[in-house]
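Visitor: Take this sequence and fold it.
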Amino acid sequence: MSELEWMRTFSKNLQEMIDDSRMSQKEIAYNAGISEASLTNYIKGNRMPTAKAILNISYALDCDVSDLMDFGEQIR
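Guide: Numbering: from 1, shown residues only. Below you'll find the model as predicted:
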């Protein structure tokens with residue numbers, strides 16, 4: 001899986017988890033300790049989140065990291 005494909009998958013999964021959470025993006029960003037702008041960029045697939053951001057988002061959404069990321073293939 002390329003980095004671009006990974007970002008697209010992550011952004012799709014993130015949007016689905018946000019929709020299911022019934023929290024606002026503002027609440028999720030606050031609880032994850034990231035800016036709303038960063039969260040928006042992750043949702044749109046414009047920016048690659050750091051490992052720390054991914055963990056914090058998963059905690060904020062009360063989900064497993066694997067719900068957001070596909071660990072099936074190596075990023076090249």
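Visitor: biggest helix in the protein by residues?
Guide: helix 3-21 (DSSP state H).
Visitor: What score does Ile75 have for pLDDT?
Guide: Listed pLDDT for Ile75 reads 51.
Visitor: hang on, I meant Ser58
Guide: For Ser58, pLDDT reads 96.
Visitor: what about it, which helix or strand?
Guide: Using DSSP states H and E, Ser58 maps to helix 51-60.
Visitor: I'd like to know which elements the helix or strand following that helix is packed against.
Guide: Going down the chain from helix 51-60, the next helix or strand is helix 65-68, by DSSP H and E. On a contact count with 3 or more C-beta pairs under 8 Å, 6 or more residues apart in numbering; DSSP states H and E, helix 65-68 meets helix 3-21, helix 51-60. (C-beta placed from N, C-alpha, C; glycine too.)
Visitor: buried residues in the helix holding Ser58?
Guide: 53-54, 56-58, 60 (16 or more other C-beta atoms under 10 Å).
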